[in-house]
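Asks: Here is my input; please provide its structure:
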Amino acid sequence: MTLRRITALAFVASAATSCAPFGPRGTASPSIKVGPPNGGSVVVVGGGTLGPEIYKKFIELAGGLDALIIDIPTAGGMAATPAMTGTKAQFEAAGARNVVIMHTNDRKVADSDSFVNIIKKAGGVWFDGGRHYRLVDSYGGTRSEQEFHAVLARGGVTGGSSAGASILGSFLIRGAPSSDNGIMEYPGYTKGFGFLRGTGIDQHVVARERQPDIADSLLPRHPELLFISEDEGTAWVVQGDNAEIIGRSKAFVYNGQDRNDDGKPFLTLRPGDRYNLAKRRVTHRAIDGSSLTQAWVDTVFRSAVGATRATVLVAQAGKVLVNTSYNVPPQRRYMPTTTMPNFAVGGLSLALHGAVAQWLVTDGRMGPDAPIDSGTSVTAHQYFTESAQLSDGSRRVASLMSKRGGHTYSQLLNQRVLSVAGTHKTVVDTADWTFQSNVDELYRLELAVFGAGATSNAALGWRMDTYSGSRRQAVYGNRNGMRNAYVRFPDHKAAIIILTDSDAIDARALAESIAGKLFGAK
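Replies: Purely as a prediction, here's the structure:
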């Protein structure tokens with residue numbers, strides 16, 4: 001960023017009526033050992049595709065829609081300040097009205113009045129992903145870094161994703177000044193900005209199968225440190241020493257005081273769980289606030305599935321209450337057994353195809369009542385509601401949607417379904433357009449594509465009915481409700497996802513048992 005560019009941004013920031021400093025500085029609390037001691041917040045995100053819940057939370061913590069939010073894309077390695085970033089666009093889509101991009105590769109600029117004066121007005125500072133060392137080289141030890149801390153001291157928020165998450169800790173993981181991000185510790189690049197003290201932060205952990213890395217490389221050398229990590233699209237929201245997990249996947253704790261997961265060097269947390277970073281203990285599990293218990297779910301599933309492999313995820317209002325596997329052996333590199341292996345989803349494919357079809361219908365590119373092709377009178381609506389059988393239906397409806405969408409069907413699926421959710425493990429068989437996936441990735445789709453249980457509108461691919469007085473949207477592995485179930489309850493903002501290996505498992509009955517317990521249905 002040139003000085004001239006900074007001055008222009010400073011003028012824009014000062015001219016905006018909403019850009020007054022966030023507020024008076026708070027008083028440090030000596031009882032807070034890890035997080036911001038003055039009332040500020042830190043948002044640590046594991047990279048990848050972020051949902052609107054993370055952007056909205058950051059905006060809230062920055063002071064609201066009119067607060068000045070600074071987006072720092074320096075880790076990305078660009079030479080000049082971009083006019084737009086994906087992060088700025090996402091913050092603006094979430095309602096933020098005053099987002100400014102700030103970037104420099106010159107430490108003299110980072111020490112200049114024109115640069116730091118903008119930071120002094122900010123309610124929030126966000127660090128984009130890329131390579132961590134660029135943030136150290138540009139801002140470490142400068143006046144800009146001091147002002148990043150001052151944002152927290154006056155009650156604001158700092159946050160970041162991927163490399164922008166790791167820089168938030170005091171110990172910098174994967175900071176080597178090279179393209180090799182597999183180096184866990186590199187001399188001269190082990191000091192982050194320290195918004196979380198005594199802490200090292202990793203990211204992309206499930207998507208890139210990084211779970212063993214901290215335990216293998218860092219714990220033996222740094223037994224005093226707390227290490228945390230989070231998967232893509234997942235965030236730690238830290239205030240003081242207390243944190244809550246939000247987003248699409250899981251977070252992990254190394255060197256905590258609670259018992260680790262069986263056979264693993266870490267403890268797993270899920271959206272809705274809360275953790276005290278100073279005490280290094282779980283303070284609340286999301287399921288604790290519901291009528292479900294893990295013991296009850298275990299009893300029901302073990303009785304129903306026997307020796308059959310099965311997984312289940314139950315979520316409500318963005319909190320993951322249950323995320324459990326049965327009879328699934330340990331997977332490579334400590335991967336979650338709810339993420340690996342994949343299951344054949346069978347009839348659940350209707351919902352994924354239906355998401356593409358619904359977009360084409362809404363966009364006016366396809367009529368739901370037109371025949372799928374010249375060889376049949378079956379319409380797309382009949383196919384997706386299962387009111388008519390059709391041989392080779394998935395292939396034929398995929399061909400229709402490709403013609404109407406103007407792209408190959410693989411491109412449509414990726415653009416409208418899979419990439420929106422940030423999936424990595426879901427596999428599509430392009431010969432018959434069937435899917436293999438897991439409950440964790442289907443939950444990503446729930447949040448990103450299907451509306452987190454909150455959508456009540458009819459959607460192609462879903463059976464619409466009521467269960468015990470509540471609206472229900474469902475797809476099953478088979479037409480009779482066996483094998484798999486993906487059931488949504490819009491009135492309760494809830495979803496139940498069950499995958500098994502056997503047509504003998506009554507997945508619909510299992511989902512109804514969970515719903516009955518969760519909602520008090522008769």
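Asks: Only C-alpha atoms from now on, for both contacts and neighbour counts.
Replies: Noted.
Asks: Send me stretch 399-410 as PDB with only the CA atoms.
Replies: Output of stretch 399-410 as PDB, limited to C-alpha atoms (Å, rounded to 0.1, in the frame of the first residue of the first chain):
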ATOM      1  CA  SER A 399     -28.800 -34.300 -18.600                       C
ATOM      2  CA  LEU A 400     -31.900 -32.000 -18.500                       C
ATOM      3  CA  MET A 401     -30.400 -29.700 -15.900                       C
ATOM      4  CA  SER A 402     -27.100 -29.500 -17.800                       C
ATOM      5  CA  LYS A 403     -29.000 -28.300 -20.900                       C
ATOM      6  CA  ARG A 404     -31.100 -25.800 -19.000                       C
ATOM      7  CA  GLY A 405     -28.200 -24.600 -16.900                       C
ATOM      8  CA  GLY A 406     -25.800 -24.100 -19.700                       C
ATOM      9  CA  HIS A 407     -22.900 -26.000 -18.000                       C
ATOM     10  CA  THR A 408     -21.900 -29.600 -17.500                       C
ATOM     11  CA  TYR A 409     -23.800 -31.100 -14.600                       C
ATOM     12  CA  SER A 410     -20.600 -31.600 -12.700                       C
END
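Asks: Do a quick rundown of the helices in the stretch 1-150 of the chain.
Replies: 3-15, 52-62, 86-93, 107-110, 113-119, 132-139, 143-153 (DSSP state H, counting those that start in this stretch).
Asks: Over to the stretch 201-350 of the chain?
Replies: Taking DSSP H, counting those that start in this stretch as the criterion, the stretch 201-350 of the chain carries its helices at 211-217, 294-305, 349-362.
Asks: Out of the ones you listed, indicate the one that is most buried.
Replies: Comparing the helices of the stretch 201-350 of the chain by mean neighbour count (mean count of other C-alpha atoms under 10 Å), helix 349-362 ranks first with a mean of 21.
Asks: Could I get the average pLDDT for that helix?
Replies: For helix 349-362, mean pLDDT rounds to 93.
Asks: cool, stretch 259-277 as well?
Replies: So the average pLDDT for stretch 259-277 ends up being 98.
Asks: Identify the structural domains in this structure and state their residue ranges.
Replies: The chain breaks down into these domains under automatic domain parsing: 28-63+122-284, 294-519.
Asks: for those, which one sits closest to Met102?
Replies: Closest approach to Met102 among the domains of the chain (C-alpha to C-alpha): domain 28-63+122-284, 9.8 Å.
Asks: how long is that closest one end to end?
Replies: 26 Å (C-alpha to C-alpha, to the nearest Å).
Asks: Centre of the chain to that domain, how far?
Replies: Mean C-alpha position of domain 28-63+122-284 versus that of the full chain (C-alpha atoms, centre = their mean, to the nearest Å) differs by 15 Å.
Asks: how far does stretch 81-90 stretch from start to finish?
Replies: 18 Å.
Asks: mind listing what's buried in it?
Replies: Thr81, Thr87, Lys88, Gln90 (16 or more other C-alpha atoms under 10 Å).
Asks: could you dump these to TSV with distance to Val439 and pLDDT?
Replies: Below are those laid out as TSV (distance: C-alpha to C-alpha, whole Å; pLDDT from 0 to 100):
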residue	distance to Val439	pLDDT
Thr81	40	97
Thr87	28	98
Lys88	31	98
Gln90	27	98
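Asks: could these be laid out in JSON lines, adding distance to Pro52?
Replies: JSON lines is the format used below for the buried residues of stretch 81-90 (distance: C-alpha to C-alpha, whole Å):
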{"residue": "Thr81", "distance to Pro52": "25"}
{"residue": "Thr87", "distance to Pro52": "11"}
{"residue": "Lys88", "distance to Pro52": "13"}
{"residue": "Gln90", "distance to Pro52": "8"}
